[in-house]
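Student: Got a predicted model here, sequence first, then my questions.
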Amino acid sequence: MIEVKNLVKKYGDHLAINNLSFTVEKGQILGFLGPNGAGKSTTMNIITGYISATEGSVVIDGHDIFDEPEEAKKRIGYLPELPPLYPDMTVREYLNFVADLKMVKRSEKSKMIAKIMGMAKITDVSDRLIKQLSKGYKQRVGLAQAIIGFPDVLILDEPTVGLDPMQIIEIRDLIKKLSKEHTIILSSHILSEVSAICDTVMIINKGKLIVSDTPDNLSKHIGGSNGLHLQVKGTKEKIKEALEKITEITKIDYESRTKDGIIKLTAYCKEDDDIREAVFYALSDARCPILNMQSSNMSLEDIFLEVTQTKVKGKQAKGLGRRKLNPSNTEDVSQVSPVTGQNQETDHEEEN
Ligand SMILES: Nc1ncnc2c1ncn2[C@@H]1O[C@H](COP(=O)(O)OP(=O)(O)OP(=O)(O)O)[C@@H](O)[C@H]1O
């Protein structure tokens, strides 16, 4: 379990991390998302004890990274943005070296290294010099060194960067498998990646938590309403009359009508309502067959743009915030908008 509380990092006058708090429970994968310079690497470097914080605390499985660095670091495997590889070592030599650094027992070392090389699919290059490996293989070796010792917590900074699509899928599968036994924080620029493998997404911008929730909840709630795209056969009048009976519908946009009498429209309701069944029966009673029905929740891309740009101001997307990640930290939550997780006091200063 990882508990980060009121983390602040200043580089001189520059505030890189601004009062960041969150908790990741065991077995969870937290995706850290943010534009360049948002503070992802800085946060990860602090969590792993690689750099110090200006203020705040990081506790790993009950051990404070600043007060008990050895105990805390033992529990962390870290894949930094630039994996710390020794190019003149073979893969096996390097992993042996890392196992020694992590004080893996002699009796367990070779078995563990063989297992991890199998997991990271690098067994076939185990006797090659690291400098001769492709970027993708180097990244896998970087991941393998993070897993050595099977630490409780894995911190992965852009784990799939530089990999080809096939390798990306393999590494994602591996991360998912690892999450059964480990708590994982990963950072990524790739929104689809985060939504595919993470239980929770945390979007940060300029060092501040903007929003955190499950990928599903983010796309469901942040728009503030649900849209249902429909293709219906019938006249506009009949369809309108049928849909007007559904009180949950807040708005209907009629988009087009094809030559063969198919009307394309989007019916909106509040974010917590589900109008699919009512729409089905209403149009069925009106003898207007539905040819297509699709929910139109926002994609993670839309959300990311929305919350990292000024548009977020004044949005009424309910149900978001950091309560899911940080249920006990009520004091901190109170400083954050229940809408977006933004710190309301400093909101205006940060926008530009
Ligand atoms: N050693 C440093 N000295 C001064 N400023 C720094 C230092 N490291 C990072 N920063 C600044 O802190 C902010 C956060 O940087 P950080 O590298 O954590 O962002 P990031 O979200 O990881 O970005 P990227 O996705 O580009 O890697 C940026 O404004 C960056 O310029």
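Tutor: Good, I have the coordinates.
Student: Flag the shaky bits of the protein, pLDDT-wise.
Tutor: Along the chain, the model assigns pLDDT under 70 to residues 219-225, 297-302, 306-307, 309-352.
Student: which parts of it sit against the ligand?
Tutor: 11, 14, 16, 34, 36, 37, 38, 39, 40, 41, 42 (C-beta under 6 Å from any ligand atom). In short, each C-beta sits where N, CA and C put it, glycine included.
Student: In ChimeraX, how would I select the buried members of those residues?
Tutor: In ChimeraX syntax, the buried subset of those is picked out as below (16 or more other C-beta atoms under 10 Å):
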select :16,34,38,39,40,41,42
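Student: what are the ranges of the strands in the stretch 51-200 of the chain?
Tutor: 55-60, 63-64, 76-79, 153-157, 183-188, 200-205 (DSSP state E, counting those that start in this stretch).
Student: JSON lines please, covering these and showing distance to residue 243 and mean neighbour count.
Tutor: Shown next, in JSON lines, are the strands of the stretch 51-200 of the chain (distance: least, C-beta to C-beta, whole Å; neighbours: other C-beta atoms under 10 Å):
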{"stretch": "strand 55-60", "distance to residue 243": "52", "mean neighbour count": "18"}
{"stretch": "strand 63-64", "distance to residue 243": "58", "mean neighbour count": "16"}
{"stretch": "strand 76-79", "distance to residue 243": "51", "mean neighbour count": "24"}
{"stretch": "strand 153-157", "distance to residue 243": "47", "mean neighbour count": "24"}
{"stretch": "strand 183-188", "distance to residue 243": "40", "mean neighbour count": "25"}
{"stretch": "strand 200-205", "distance to residue 243": "34", "mean neighbour count": "26"}
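Student: So which of the residues of the chain next to the ligand belong to helices?
Tutor: Using DSSP state H, the subset of these located in helices is 40, 41, 42.
Student: Quick one: residues contacting the closest residue to the last one other than its chain neighbours.
Tutor: Put plainly, it is residue 42. In this structure, residue 42 finds its nearest non-sequential neighbour in residue 16, 4.9 Å apart by C-beta to C-beta, 6 or more residues apart in numbering. Residue 16 makes contact with 9, 10, 39, 42, 207 under the criterion C-beta atoms under 8 Å, 6 or more residues apart in numbering.
Student: The ligand: which of these is nearest?
Tutor: Ranked by distance to the ligand (C-beta to the nearest ligand atom), the contacts of residue 16 are led by residue 42 at 3.3 Å.
Student: wouldn't that closest one be in contact with residue 17 here?
Tutor: Yes. Using C-beta atoms under 8 Å, residue 42 is in contact with residue 17, at 5.7 Å.
Student: Please consider this matter closed, and thank you.
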